[in-house]
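In: sequence plus the predicted model coming up.
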Amino acid sequence: MTAQYKVHGDVAVITMDNPPVNGLGLATRQGIASGLEQANADPAVKAIVITGAGKAFSGGADIKEFGSPKAIAEPNLLSVILAVENSVKPVVAAVHSVCMGGGLELALGCHYRIAAPGTNVALPEVKLGLIPGAGGTMRLPRVLGVETALNMIVSGEPVKSELLAQQPGQKLFDKMAKDAAGVVDEAIAFAREVAGKRPLPRVRDLPSKHPQGDAYFQFARNMVKGMAKNFPAPVKCVDAVEASTKKKFDEGLVFEREIFMALMLTPESRALRHIFMAERAASKVPDVPEDTPKREIKSVAVIGAGTMGGGISMNFLNAGIPVTILEMKQEAIDRGIATMRKNYEGQVKKGKLKQDKYEQRMSLLKTTLDYKDLAQADLVIEAVFEEMGVKQKVFETLDQVMKPGAILASNTSTLDVNRIAAFTKRPQDVVGLHFFSPANVMKLLEVVRGDKTAKDVLATVMALAKTIRKTAVVSGVCDGFIGNRMIEQYSRQAGFLLDEGATPQQVDKAIEKFGFAMGPFRMGDLAGNDIGWAIRKRRATERTEMKYSKTADKLCELGRFGQKTGAGWYDYQAGKRDAIPSKLVEDMIAEHRRTLGIEPRKITDEEIVQRLVFALVNEGAHIVEEGIASRASDIDMVYLTGYGFPLHRGGPMLYADTVGLFNVMQAMKRFQQNPRDDAKFWEPAPLIKKLVAEGKGFNG
């Protein structure tokens with residue numbers, strides 16, 4: 001049983017016990033319902049207390065049951081709350097630590113509530129593309145007032161119990177306990193005090209109204225629409241809270257439930273629930289047990305004070321971990337430190353960072369020109385030029401100077417981590433830590449596992465990623481790892497589209513309308529078109545079968561490397577980032593088509609989106625098949641946190657599931673017939689063929 005029942009004299013205590021957050025799974029709901037029945041049938045029991053074991057009252061729905069029949073099996077949460085409300089003996093909720101989602105809805109169904117200070121109180125369903133579904137939108141406005149309740153429901157953010165208890169006129173908490181440790185004892189004493197009081201107070205009997213009524217809800221709706229963009233749930237939260245002021249309570253409950261069930265079927269909610277589970281899955285490495293011992297990381301060394309090295313260092317300084325940066329020349333150090341200071345000062349100006357915190361972070365930073373000063377660091381990360389000869393010198397030196405057991409990491413974005421590890425006598429200590437630029441902002445960290453990387457090294461860096469607030473995804477060794485290997489196919493398609501008749505701005509606009517933060521040509525201009533040029537030159541000798549549009553090379557030959565040179569696929573004005581369509585580039589593309597004898601054709605936005613996104617999907621399927629990624633959802637995490645893939649679509653692999661893999665495969669077969677495209681690439685990956693044959697998707 002995941003709910004315990006115990007009688008303390010004349011008070012029965014029902015304790016939810018379903019670690020880690022006492023999720024309201026079927027067994028827990030059954031336990032609460034049978035505890036209520038037992039207490040109401042026992043003449044010696046005068047009152048009932050409901051609480052949660054461990055570090056939570058309840059965090060709400062049990063994520064292990066998401067989407068399964070158990071999630072809605074009777075007694076569902078609405079039925080349990082109704083049983084609590086209808087109890088003939090008073091029920092007191094002893095709330096502590098975490099009281100969220102269904103946990104808060106359960107507490108609101110109790111007759112009385114006592115809270116420990118420091119409790120995180122929230123209805124976070126909106127973060128999963130839903131609204132509260134067990135009375136939250138009906139009851140919270142009745143105890144906190146419409147505006148406070150609506151703000152909490154629309155944002156989904158937690159609020160501390162003591163702040164809510166100070167709200168004038170609040171009826172959420174009847175009493176604040178001294179602390180979490182004594183909350184149950186105080187609740188038992190309180191239950192004895194109210195044992196004889198009748199009628200029992202019910203939240204449903206309180207009024208819900210707003211003095212400005214329609215005008216307020218219209219204002220709220222306009223505000224939310226502007227912020228929610230691609231997500232339907234926040235506006236539906238407003239509809240439901242408005243219903244609490246206009247409908248009878250039971251009618252409001254039905255209305256709330258209808259909205260909840262309809263949102264459950266939306267692709268946006270599916271995407272957000274997928275992301276929620278995918279993030280948790282990504283942190284688990286199938287063959288590295290959770291209890292693998294971890295190495296202690298008390299200090300970090302970073303080689304290179306450029307944009308990347310500085311950004312990487314900031315992550316550790318922000319987490320309170322001392323950093324030593326090494327460079328070859330003092331002026332390079334000075335430049336790097338000045339950039340870091342500028343970044344921090346920008347945060348201070350915007351009020352995102354306090355001055356003393358900034359100074360404290362910078363005090364953890366040391367710089368050096370001598371490798372010997374890095375010897376005692378627990379982890380060293382190189383962020384030097386992306387060329388194997390340069391990496392070789394660095395790793396041979398690190399192998400000589402670093403203490404035994406230190407982790408040696410490379411921030412390479414495409415190079416072979418096994419070759420890098422072979423430059424040392426300790427390949428088991430070598431791992432790829434591929435940060436994304438700007439490294440102090442971007443959430444993604446690709447953890448590249450070499451053939452010899454030790455399991456404790458992997459466990460250590462995955463835990464460290466959480467400390468520095470990164471989403472870590474493990475990749476095997478291949479050219480470009482997960483993200484860059486896929487983006488190359490996406491970029492190749494963008495080039496072919498130019499050859500066939502599209503313009504850079506048409507391609508960018510189509511994919512940005514789909515939801516990407518930035519199209520491929522604006523992205524190239526931002527990153528520097530010379531980076532792709534270098535990769536294509538390497539490809540020309542290493543992978544002769546890879547074909548590309550020549551337009552990007554022609555652009556680079558004109559010295560148009562992007563924003564840094566003031567001209568790329570677009571023109572840029574000094575000090576501005578606005579991409580201005582370039583007549584010169586359009587003429588260059590037209591001339592290129594003429595030399596190839598191509599008659600430009602009209603290309604639809606739908607074709608642009610399909611070719612770019614399905615190119616990611618096909619390459620992603622190969623990556624899963626080869627074991628470079630452990631699961632399709634890991635690829636989605638890479639694209640959502642590192643490449644600006646639209647959140648409401650849940651990543652390329654989930655998007656393919658949403659469209660239907662059968663339809664994706666049909667589109668690929670159409671693209672194979674295009675003589676200007678790469679027919680070999682568009683052969684659907686064996687994994688896609690297999691899943692289509694079984695009627696499945698990447699995610700079941």
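Out: Looks like it came in fine.
In: tell me which other helices or strands the helix or strand of the chain with the lowest mean pLDDT touches.
Out: Every helix and strand of the chain was ranked by mean pLDDT, DSSP states H and E. The lowest is helix 529-542, at a mean of 80. For helix 529-542, the elements it packs on are helix 551-557, judged by 3 or more C-beta pairs under 8 Å, 6 or more residues apart in numbering; DSSP states H and E. Heads up, the C-betas are built off the backbone N, CA and C, glycines and all.
In: any idea how far the least confident helix or strand of the chain is from the middle of the chain?
Out: Taking the mean of its C-alpha atoms, helix 529-542 sits 32 Å from the chain's own mean (C-alpha atoms, centre = their mean, to the nearest Å).
In: buried ones in it, by neighbour count?
Out: By neighbour count with 16 or more other C-beta atoms under 10 Å, helix 529-542 contains the buried residues N529, D530, I531, G532, W533, I535, R536, R539.
In: low-confidence stretches in the stretch 101-250 of the chain?
Out: Applying pLDDT under 70 to the stretch 101-250 of the chain flags no residue at all.
In: in it, which spans are strands?
Out: Counting by DSSP state E, counting those that start in this stretch, residue ranges of the strands within the stretch 101-250 of the chain are 112-115, 120-122, 159-160, 175-176.
In: most tightly packed of those strands?
Out: Greatest average neighbour count among the strands of the stretch 101-250 of the chain goes to strand 112-115 (a mean of 26), per mean count of other C-beta atoms under 10 Å.
In: sheet partners, orientation included, of that one?
Out: According to DSSP bridges, strand 112-115 forms sheet pairs with strand 91-95 (parallel), strand 175-176 (parallel).
In: for those strands, give me JSON lines that also has distance to S155.
Out: Below are these laid out as JSON lines (distance: least, C-beta to C-beta, whole Å):
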{"stretch": "strand 91-95", "distance to S155": "20"}
{"stretch": "strand 175-176", "distance to S155": "23"}
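In: out of these, which is the most enclosed?
Out: With neighbours defined as mean count of other C-beta under 10 Å, the strands paired with strand 112-115 peak in mean count at strand 91-95, which reaches a mean of 29.
In: next, count neighbours for Y358.
Out: Residues within reach of Y358, counting by other C-beta atoms under 10 Å, total 17.
In: so who does it touch?
Out: Going by C-beta atoms under 8 Å, 6 or more residues apart in numbering, Y358 touches Y344, E345, Q347, V348.
In: distance from the strand or helix carrying the last one to the middle of the chain?
Out: Meaning V348. In this structure, V348 sits in helix 330-349 according to DSSP states H and E. Relative to the chain's own centre, helix 330-349 is displaced by 28 Å; criterion: C-alpha atoms, centre = their mean.
In: do the same with stretch 86-105
Out: The answer for stretch 86-105 is 30 Å, by C-alpha atoms, centre = their mean.
In: quick check: buried residues in it?
Out: 87, 89-105.
In: for R280, find the nearest of the strands of the stretch 101-250 of the chain.
Out: Nearest to R280 among the strands of the stretch 101-250 of the chain is strand 120-122 (18.5 Å), distances taken as C-beta to C-beta.
In: tell me what that closest one is packed against?
Out: Counting by 3+ C-beta pairs under 8 Å, 6+ apart, the packing neighbours recorded for strand 120-122 are strand 98-100, strand 159-160, helix 161-165.
In: mind putting these into CSV with distance to K366?
Out: Shown next, in CSV, are the helices and strands packed on strand 120-122 (distance: least, C-beta to C-beta, whole Å):
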stretch, distance to K366
strand 98-100, 39
strand 159-160, 38
helix 161-165, 40
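In: and the ones you listed: which comes nearest K513?
Out: K513 lies closest, by C-beta to C-beta, to one member of the helices and strands packed on strand 120-122: strand 98-100, at 35.3 Å.
In: show me what the closest one is packed up against.
Out: Helices and strands touching strand 98-100, by 3+ C-beta pairs under 8 Å, 6+ apart, are strand 120-122.
In: centre of the chain to the strand it packs on, how far?
Out: 20 Å.
In: that strand pairs with which strands, parallel or anti?
Out: Applying DSSP bridges, strand 120-122 is found paired with strand 98-100 (parallel), strand 159-160 (antiparallel).
In: just send these back as CSV, with distance to S34 too.
Out: Compiled in CSV, the strands paired with strand 120-122 are given as follows (distance: least, C-beta to C-beta, whole Å):
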stretch, distance to S34
strand 98-100, 22
strand 159-160, 33
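In: and of these, who's closest to K470?
Out: With C-beta to C-beta as the criterion, K470 lies closest to strand 98-100 of the strands paired with strand 120-122, at 23.9 Å.
In: for the record, mean pLDDT for that closest one?
Out: The average pLDDT within strand 98-100 is 98.
In: and the protein, what are its domain boundaries?
Out: The chain breaks down by automatic domain parsing into domains covering 3-260, 300-475, 483-543+599-693.
In: tabulate these in a markdown table, adding columns for distance to I275.
Out: As requested, the domains of the chain are exported to a markdown table (distance: least, C-beta to C-beta, whole Å):
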| stretch | distance to I275 |
| --- | --- |
| domain 3-260 | 9 |
| domain 300-475 | 10 |
| domain 483-543+599-693 | 6 |
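In: which of these sits closest to E586?
Out: Per C-beta to C-beta, nearest to E586 of these: domain 483-543+599-693, 6.4 Å.
In: all helices of the stretch 201-350 of the chain, in order?
Out: Under the criterion DSSP state H, counting those that start in this stretch, helices of the stretch 201-350 of the chain are mapped to 213-228, 233-246, 249-264, 267-282, 307-318, 330-349.
In: among these, which is nearest K55?
Out: Checking the helices of the stretch 201-350 of the chain against K55 by C-beta to C-beta gives helix 267-282 as the closest, at 17.5 Å.
In: next, the buried residues of that closest one.
Out: P267, E268, S269, R270, A271, L272, R273, H274, I275, A278, E279, A282.
In: ok, stretch 235-250 next?
Out: Residues of stretch 235-250 classed as buried: V235, K236, C237, V238, A240, V241, E242, A243, S244, T245, K247, F249 (neighbour count, 16+ other C-beta under 10 Å).
In: kindly export it (C-alpha atoms) in CSV.
Out: Output of stretch 235-250 as CSV, limited to C-alpha atoms (Å, rounded to 0.1, in the frame of the first residue of the first chain):
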residue,chain,number,x,y,z
VAL,A,235,-6.0,30.9,-22.3
LYS,A,236,-8.1,27.9,-21.2
CYS,A,237,-7.0,28.5,-17.6
VAL,A,238,-8.6,32.0,-17.9
ASP,A,239,-11.8,30.4,-19.2
ALA,A,240,-12.0,27.9,-16.4
VAL,A,241,-11.3,30.5,-13.6
GLU,A,242,-14.0,32.7,-15.2
ALA,A,243,-16.4,29.8,-15.0
SER,A,244,-15.7,29.6,-11.2
THR,A,245,-17.3,33.0,-11.0
LYS,A,246,-20.3,32.4,-13.3
LYS,A,247,-21.3,28.7,-13.0
LYS,A,248,-22.6,26.7,-10.1
PHE,A,249,-19.8,24.7,-8.5
ASP,A,250,-20.7,21.3,-9.9
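In: who's in contact with it?
Out: For stretch 235-250, contacts defined as C-beta under 8 Å, 6+ apart pick out 126, 131-132, 137-138, 141-142, 146, 149-150, 153-154, 204, 208-210, 213, 217, 220-221, 224-225, 228, 251-252, 255-256, 259, 263.
In: selection in ChimeraX covering whichever of the residues you listed are buried, please.
Out: Buried members of the contacts of stretch 235-250, defined by 16+ other C-beta under 10 Å, are picked up in ChimeraX with:
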select :126,131,132,137,138,141,142,146,149,150,153,154,204,208,210,217,220,224,228,252,255,256,259,263
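In: that'll do, ta.
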